[in-house]
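Q: 3D, please:
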Amino acid sequence: MNTDATDDVKEIKRNGITVRIRPTLKDGATYFVLDYRNQGKRKLVWRATMVAARKAANTAIDQITEGQAEVLNLKSADAHAYTRARTALVGIEKGIDSVAEEYAEAYRLLAGRASILEAARDWLKRHAVDLPPITVPAAVEQLKKQAEADGKSELRLKQLANVLDRFAEAFNVEVQALTAKLVADHLTSLALAERTRRNHRDVIGFFNRWLVLRGYLAKGTNWLEGVQNYTARKLGEIEILSTEEMRRLIAAADERILPLIVIGGFAGLRHAEIARLEWQDIDLEEGFIEVKAQHAKTDTRRIVPLKANLKAFLLPLAKKSGKVITLVNTTKQLLKAAADTADEANEVEALEWKHNALRHTYISARVAECGDVPRVADEAGNSPQVIRTNYLKRIRPAAAAEWFAIQPPPKATP
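A: Numbering: from 1, shown residues only. The predicted structure follows:
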């Protein structure tokens, strides 16, 4: 029958909710359209028969009453997904919309780097155990006391105090409150040279690892993750001494400073390491120098070969025990030795002291002699990369042979 169905409108009313059902002709067939509002929005739902429309209207009223009217418009697959989601959330006091919003935010934060489940498991692993609270200043004091009890060198103790006291002043909070971003901002704010800033970064990383070992931070906590790694490269040309300059320096040196000059030039130890060296650490018979861990800048024990010419210099000076260098101000004596190389009678100017030139020259000559950078790096207590960038100046093997052939000057006859 072809009638105007739009006049036969039915209304289903219940719980203060009204759903209108109106017949509508479309393509020669009659459909029944449910017309209602939910949360301020108009909804239109089509059904093929009045019976189906009435059933859908009652269902809509039920779902509007429960605040779940959106299910009406779900396709079959979506409806099944919705049902499964509701089942998964049994026992969780959150609506499905809140769960979806929280999941979406977490998903965006992770940006594909990990699944939400992986992130949750990692968080639990880090925080499953209640960590004892401690502030940064209190932890710094503990670390400094332990370092002193462990017999760390004066140089190391000063370095820890210099870096960590400043760090504690910047962060008077519990250690668990610190993040990589806070550490990065702290390093950036320091008005220091890049190499010094790198040293600060290294010490803060050591402090971080110590806190983990002591149980103050969760395993896997890394304050330096993503923090800029500053270069250790020194600016300027690497300076070395010529064989003639070394002979003049040795001839002018006081006997009290001579061991520092020859050990630095022919074994490559750092000035601070030589200052802590004892005669028991030098084995003149076996031919090596032991740099003990507590005396080394890197806190790592190493063995340095004793060259034949160095042995010749040390034999007349050697003692059974005690410090190799007893001077307090070695820099003053080094500068004096350099100044005393002047010879006014022969119009020879004094040597201009070159910073770290003894160690630079030894490393350069040793590499030229053996051709093995990793081996020399191990002897010098540095990485091969640092040796190449900070210490090594390429010289010929013949020049290296001349360097290690320098002998003590003959004693003047009375």
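Q: what sits against Val212?
A: The contact partners of Val212, by Cβ atoms under 8 Å, 6 or more residues apart in numbering, come to Ala218, Lys219, Gly220, Thr221. Quick note: C-beta positions are derived from backbone N, CA and C, even for glycine.
Q: what helix or strand is the third one on?
A: For Gly220, there is no host helix or strand (DSSP states H and E).
Q: pLDDT wise, what is it at?
A: The model reports Gly220 with a pLDDT of 83.
Q: doesn't Lys125 make contact with it?
A: Yes: here Gly220 reaches Lys125: they are 7.4 Å apart, a contact under Cβ atoms under 8 Å.
Q: ok so, going back, need the buried ones from the contacts of Val212 selected in PyMOL.
A: Restricted to buried positions by 16 or more other Cβ atoms under 10 Å, the PyMOL selection for the contacts of Val212 reads:
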select buried, resi 218+221
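Q: adding distance to Arg302, write the contacts of Val212 out as TSV.
A: Shown next, in TSV, are those (distance: Cβ to Cβ, whole Å):
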residue	distance to Arg302
Ala218	34
Lys219	30
Gly220	31
Thr221	31
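Q: what element comes up after the helix ranked longest in the chain heading to the C-terminus?
A: For the chain, the longest helix by residue count, based on DSSP state H, is helix 194-213. Per DSSP H and E, the first helix or strand lying C-terminal to helix 194-213 is helix 243-252.
Q: so what does that following helix touch, helix or strand wise?
A: Helix 243-252 sits against helix 258-267, helix 330-339, helix 397-403, with contacts defined as 3 or more Cβ pairs under 8 Å, 6 or more residues apart in numbering; DSSP states H and E.
Q: where are the low-confidence patches of this structure?
A: The chain contains residues with pLDDT under 70 at 1-7, 16, 40, 67-75, 126-129, 231-236, 344-347, 412-414.
Q: neighbours around Thr330, how many?
A: Residues lying near Thr330 (other Cβ atoms under 10 Å) number 17.
Q: so it sits right up against Ala275, yeah?
A: Yes: using Cβ under 8 Å, Thr330 makes contact with Ala275 at a distance of 6.4 Å.
Q: list the residues that contact Leu277.
A: With contact set as Cβ under 8 Å, 6+ apart, Leu277 has these partners: Ile263, Leu269, Ile289, Val291, His295, Lys323, Val324, Ile325.
Q: from Arg366, how far out is Pro397?
A: As for Pro397, its distance to Arg366 is 11 Å (criterion: Cβ to Cβ, to the nearest Å).
Q: out of those two, which sits in the busier spot?
A: Neighbour count, other Cβ under 10 Å: between Pro397 and Arg366, Arg366 has more, with 27 against 13.
Q: can you verify the more buried one is assigned to a strand?
A: No: per DSSP: H, G, I helix; E, B strand; the rest coil, Arg366 lies outside any strand segment and is helix.
Q: helix/strand/coil for Ala318?
A: Per three-state DSSP, Ala318 ends up coil.
Q: hmm, it is touching Glu285, no?
A: No: shown here, Ala318 and Glu285 do not form a contact pair, counting by Cβ under 8 Å, at 10.9 Å.
Q: between these two, which has more neighbouring residues?
A: Ala318 (13 against 7).
Q: so what's the more buried one up against?
A: For Ala318, the contact set (Cβ under 8 Å, 6+ apart) comprises Trp279, Ile282, Leu284.
Q: where do the strands of the stretch 1-150 of the chain begin and end?
A: 10-14, 17-26, 29-38, 41-47 (DSSP state E, counting those that start in this stretch).
Q: quick revisit: centre of the chain versus the longest helix of the chain, how much separation?
A: Relative to its parent chain, helix 194-213 has a centroid offset of 8 Å by Cα atoms, centre = their mean, to the nearest Å.
Q: what residues sit buried inside it?
A: Of the residues in helix 194-213, 197-204, 206-208, 210-211 count as buried by neighbour count, 16+ other Cβ under 10 Å.
Q: same list, these, but as CSV with distance to Lys55 please.
A: CSV is the format used below for the buried residues of helix 194-213 (distance: Cβ to Cβ, whole Å):
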residue, distance to Lys55
Arg197, 74
Arg198, 75
Asn199, 77
His200, 74
Arg201, 70
Asp202, 74
Val203, 74
Ile204, 69
Phe206, 72
Phe207, 70
Asn208, 65
Trp210, 70
Leu211, 66
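Q: just curious, which of those is nearest to Lys43?
A: Of all those, Lys43 sits closest to Asn208, with 57.5 Å by Cβ to Cβ.
Q: how much space between the closest one and Ala365?
A: According to Cβ to Cβ, Asn208 and Ala365 sit 39 Å apart.
Q: which residues touch the spatially most central residue of the chain?
A: Central residue of the chain (Cα atoms, centre = their mean): Leu224, 3.0 Å from the mean position. By Cβ under 8 Å, 6+ apart, the residues touching Leu224 are Ala180, Val183, Arg201, Ile204, Gly205, Asn208.
Q: which among these gets closest to Asn390?
A: Arg201 (17.1 Å).
Q: thanks a lot, see you next time.
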